[in-house]
Every structure is written in C-alpha cells, then in structure tokens.
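Asks: attaching a predicted model along with its sequence, questions to come.
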Amino acid sequence: MARTKIAVGLSGGIDSSVAAYLLIKQGFDVVGITMQIWDGSLPLQDIGMSACYGPGEGRDIAAAGEHAKRLAIPHHVIPLSSEFRKEVLDYFRQEYLAGRTPNPCVKCNASLKFGLMLEYARKSGVQFDKFATGHYARTQIDEGSGRVLLLKGVDGGKDQSYFLSRLNQDQLRMVTFPLGEKTKEEVRKLADEYGWKHLVEKPESQNFIEAKDYSVLFKDTPVTAGPILDMQGRKLGEHRGIIRYTVGQRKGVGLAGRENPMYVIRI
C-alpha cells in the first residue's frame, strides 16, 4: 500500500525540523513546504534577528532547504507575500489603530499557514494527505460529537494551542502535531542526536517583524500625541501616539518612578 504522504511546514528552526525527522522515522512519506512572505514593502533592515517578516527571511528559507536536504526530502517554497500583507499586516494595523491588541500568529495560522499555503502548494503540484507542523499541541476526536478537539501540548511551558485556536474543523482533521506529546527538552535531545547541535544552541524567535518596535508598520499613518489619564480621569502624562501602546503594557509607557506599577488598561 502507498505510504501516507505528509507535508511538513519547515521554518528552518529546531521544532519543525525535528517534527519532519520523527515522521520519517515513523515511516511516512514526507515533503517540506515553506512560506515566503517578505516583499521589501517596509523599510526594514537585516539586523540579525530571526523574525517571521523581514529581510532576514532568506536565511530561514535557506536553512529549511538545508534541513530538507539532510533529511533527503523534497522542499518547496510557496510565495505568499501579497496574501500576508493583506491578511496579517493590514489586520495588525487596523486592530492597533482601533485600540485593540492584535495577535498576528493566530491570524496567520488560520488564514495562511493552515490555509492558503496548503491550497497554493496543491495547485503547484505538491501532493500530500496530511499536514504537520512543529507546534506543541495535540488533537483528539470527541467520540460523542465526532468533532476534532484541539488540546494543549504535554509541555505546559511550551504549549502553543492558543495560537491554533482559530483553526476550523477541516483544518484540524488534516493536521498532525508530532511534538504534541514531547517536551522541549526531549526535542533538543533528538536534534542533538541527529547532529543538529547548531539548532539546539540557536536562540528561539518570538518576533513578528524584524524590527525593535511596531512603529515601522505605521510609517504612512499620522501619529497624534495625547494625555495619559488614570481611572479617575486625572492626567498623569503625555503619550506618543496610540500605536506605541497596547492593553496590559507596563514598560515604556513613560510613567516610571511611581510608588506602584502603572499598566495600560484601555486605549
């Protein structure tokens, strides 16, 4: 019988690479796919940080290709720059300007990584039965309803189910998470055993864009300063434009040196 073919979303990092490695060991026919989203539309510079969006993306794509070569699996790069700009960057700007806190990862996973990337990959001729990523999460069929449940990964310190919370039933039925039952330490040991010591030592990235702050996303948006008020309406200071603040923020608000920490509770 033909082996189940699984496409793995390769990012060039330790988690997705180990996920592919585990699936190969389990006997699956594996192919790697990677999104290409950087288009140079923002004035970002390659400052050496690993981030989802920025001029350093080429390094990550090259790393994903090298890991695929080491695993002896095909690797395909799927261009999605215009779709990312529309689905993620525009959404991010709109939420910030409305005084809300966006989550670009949640949006990107549902719309692009588990959506358009797979659709475009199939259209380009890549064949696969299932899709896998290196997320620390699990799925389970509910016997009563037949629905697919999204569960936390066993490693509570690395659980990423929240970032997958917008996946629909069709997406959940197709996905598998090889790292869901493993801890981060176990994944590091597997990478070390396979000879990927550089991945074990590589700092993990949690950056959305390759920049020190998000103000670059609003380069064409007029920024208006205004008052910082407490809950009684008393003025405490001046803010530098709402694009520089988010609900829950404490550092960088400009109210240091007070008796108690001050948090942004509303914009």
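Replies: Looks like it arrived, so ask away. Numbers count the residues shown, from 1 in each chain.

Asks: next one, pLDDT for R240 please.
Replies: R240 carries a pLDDT value of 91.

Asks: check contacts around the nearest residue to it once chain neighbours are set aside.
Replies: Sequence neighbours aside, A225 is the residue nearest to R240 in space, at 5.7 Å (criterion: CB to CB, 6 or more residues apart in numbering). For every residue, glycine as well, the C-beta is placed using N, CA and C. Contacts were defined as CB atoms under 8 Å, 6 or more residues apart in numbering; by that measure A225 touches 238-241.

Asks: for those residues, which one is nearest F92?
Replies: G241 (15.7 Å; CB to CB).

Asks: the closest one reaches Y214, doesn't it?
Replies: No: using CB atoms under 8 Å, G241 is not in contact with Y214, being 11.4 Å away.

Asks: ok, the two, which is more surrounded?
Replies: Neighbour tally, G241 and Y214, criterion other CB atoms under 10 Å: the higher count belongs to Y214, 17 against 14.

Asks: tell me the centre residue of this structure?
Replies: Centroid check for the chain by CA atoms, centre = their mean gives C105 as the closest residue, at 4.5 Å.

Asks: show the average pLDDT along stretch 13-24.
Replies: Averaged over stretch 13-24, pLDDT sits at 97.

Asks: start to end distance for stretch 44-53?
Replies: 9 Å (CA to CA, to the nearest Å).

Asks: now it: how far from the chain's centre is it?
Replies: Put simply, stretch 44-53 sits 14 Å off its chain's centre (CA atoms, centre = their mean, to the nearest Å).

Asks: list the contacts of that stretch.
Replies: 13, 37-38, 42, 54-56, 59-60, 84, 89, 104, 108, 202-203, 205, 207-211, 216.

Asks: out of the residues you listed, which are buried?
Replies: Neighbour counting with 16 or more other CB atoms under 10 Å marks 13, 37-38, 42, 54, 56, 60, 84, 89, 104, 108, 205, 208-211 as buried within the contacts of stretch 44-53.

Asks: nearest to E185 among these?
Replies: Distance to E185, by CB to CB, is smallest for G13 among the buried ones among the contacts of stretch 44-53, at 16.0 Å.

Asks: so where's the stretch 1-150 of the chain uncertain?
Replies: By pLDDT under 70, the low-scoring segments of the stretch 1-150 of the chain are 1, 48.

Asks: need the helices for the chain, in chain order.
Replies: 14-25, 57-71, 81-84, 90-97, 104-108, 117-123, 169-174, 184-193, 197-201 (DSSP state H).

Asks: could I get these as TSV with distance to L149?
Replies: Formatted as TSV, those follow (distance: least, CB to CB, whole Å):
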stretch	distance to L149
helix 14-25	20
helix 57-71	30
helix 81-84	29
helix 90-97	27
helix 104-108	18
helix 117-123	21
helix 169-174	8
helix 184-193	23
helix 197-201	31
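
Asks: winner for burial among the ones you listed?
Replies: Stretch with highest mean neighbour count among the helices of the chain: helix 14-25 (a mean of 22; mean count of other CB atoms under 10 Å).

Asks: so which elements touch that helix?
Replies: strand 5-9, strand 29-36, helix 57-71, strand 130-132, helix 184-193, helix 197-201 (3 or more CB pairs under 8 Å, 6 or more residues apart in numbering; DSSP states H and E).

Asks: so how far is it off the chain centroid?
Replies: Between the centre of helix 14-25 and the centre of its host chain there is 18 Å, according to CA atoms, centre = their mean.

Asks: okay, the angle between it and strand 29-36?
Replies: 160 degrees (axes from the mean of the first three to the mean of the last three CA atoms, to 10 degrees).

Asks: got the contact list for helix 14-25?
Replies: 6, 8-10, 30, 32, 64, 67-68, 71, 73, 132-136, 176-179, 187-188, 190-191, 194, 196, 199-200, 202, 204.
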